[in-house]
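Undergrad: Give me a model of this one.
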Amino acid sequence: MRSLHRTPADAADALARRMVVRSALGVAVATSAYGISFGALATASGLDIWQACVLSLVMFTGGSQYAFIGVIGSGGLAAAPSAIASAALLGVRNIAYGMRMSPIIGGGLFRRAAAAMLTIDESTAVALGQTNSRARLLGFWLTGLGIYLGWNLTTLAGALLGDVLGDPRAYGLDAAAAAAFLALLWPRLRRRQAIAVGIAAAVVAAALTPVMMPGLPVLLAAVVALLVGWFNWLGRGDAAPSDPDDLPEREGLP
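TA: So this is what the prediction gives:
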């Protein structure tokens with residue numbers, strides 16, 4: 001007959017579950033709030049309400065979504081190929097997250113397909129912040145699903161709000177996509193190498209923007225950033241990440 005008394009291991013496991021649920025829900029609520037700004041900026045960039053919602057449903061990675069609407073807002077549909085390429089470049093990091101999360105998620109085609117959609121900065125960070133495999137799995141799914149539902153609901157709310165506001169230039173929303181993207185970048189500029197990459201990419205993009213179609217300067221700046229980052233000229237003296245915020249770093253967006 002099973003004992004009615006909980007062992008210390010059971011108590012520790014219950015505590016771990018409560019902590020991961022609290023962390024996952026807190027991150028999901030905080031991150032989902034940003035969906036309102038995305039929805040409003042998407043309609044300000046020329047997308048319809050349904051287009052903004054579909055983008056959140058199928059792309060679901062905040063940095064890439066902001067990059068996409070930023071390029072579309074500058075060049076319209078003619079810049080769509082560049083917008084897609086820019087968004088894809090930013091989404092590459094999720095591949096690395098997927099490789100790290102694969103042994104935690106486990107096997108099964110349906111499970112892996114669902115996990116691939118939910119593998120973002122926040123779900124990975126919450127999962128890897130736990131101390132045992134069950135807590136990691138719970139943290140991943142709770143955070144990913146919570147943000148997915150919340151982000152799409154707030155995207156709809158923001159898109160409806162942006163559509164009601166009318167002309168985005170009257171409120172400065174035509175420049176808000178760039179400002180939001182800068183807000184994503186700023187917390188990452190903690191080391192000399194990251195600052196060097198940001199400056200090099202910004203100089204190239206600013207120099208080429210007047211003479212090239214929208215979107216292409218961003219892609220060329222990304223190539224420069226990759227070269228600067230690859231050679232790591234200024235990063236050799238930087239210490240290895242020791243802060244949980246460093247790997248992976250939370251964006252506040254999916």
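
Undergrad: CA atoms for contacts and neighbours, from now on please.
TA: OK.

Undergrad: which one's the longest helix in the chain?
TA: In the chain, taking DSSP state H as the definition, the longest helix is helix 133-165.

Undergrad: Could you give the average pLDDT over it?
TA: The average pLDDT within helix 133-165 is 90.

Undergrad: So in this structure, where's the weakest helix or strand by average pLDDT?
TA: helix 176-185 (a mean of 56; mean pLDDT, DSSP states H and E).

Undergrad: next structured bit after it?
TA: Per DSSP states H and E, the first helix or strand lying C-terminal to helix 176-185 is helix 192-208.

Undergrad: So for that next one, mean pLDDT?
TA: Mean predicted confidence for helix 192-208 is 72.

Undergrad: Remind me what that helix packs against, helices and strands.
TA: Judged by 3 or more CA pairs under 8 Å, 6 or more residues apart in numbering; DSSP states H and E, helix 192-208 is in contact with helix 216-231.

Undergrad: Could I get the average pLDDT for the helix it packs on?
TA: Computed over helix 216-231, the average pLDDT equals 67.

Undergrad: again with stretch 95-110
TA: 86.

Undergrad: Could you pull out the buried residues of that stretch?
TA: Tyr97, Gly98, Met101, Ile104, Ile105 (16 or more other CA atoms under 10 Å).

Undergrad: how near is the fourth one to Ile72?
TA: Going back to what we said before, that points to Ile104. Taking CA to CA, to the nearest Å as the measure, Ile104 falls 37 Å from Ile72.

Undergrad: before we move on, what about the third one?
TA: Separation of Met101 from Ile72 (CA to CA) stands at 32 Å.

Undergrad: can you pull the contacts of the closest residue in space to Leu161 that isn't next to it in sequence?
TA: In this structure, Leu161 finds its nearest non-sequential neighbour in Ala40, 6.3 Å apart by CA to CA, 6 or more residues apart in numbering. Contacts for Ala40 (CA atoms under 8 Å, 6 or more residues apart in numbering) come out as Thr155, Gly158, Ala159, Leu160, Leu161, Gly162, Asp163.

Undergrad: Just want to check the distance between the closest residue to the third one other than its chain neighbours and Val29.
TA: Distances taken as CA to CA, 6+ apart put Gly39 closest to Ala159, at 4.1 Å, once the chain neighbours are dropped. In this structure, Gly39 lies at 16 Å from Val29, with CA to CA as the measure.

Undergrad: So for the two, which residue has more residues nearby?
TA: Higher neighbour count among Gly39 and Val29: Gly39, with 32 against 15, using other CA atoms under 10 Å.
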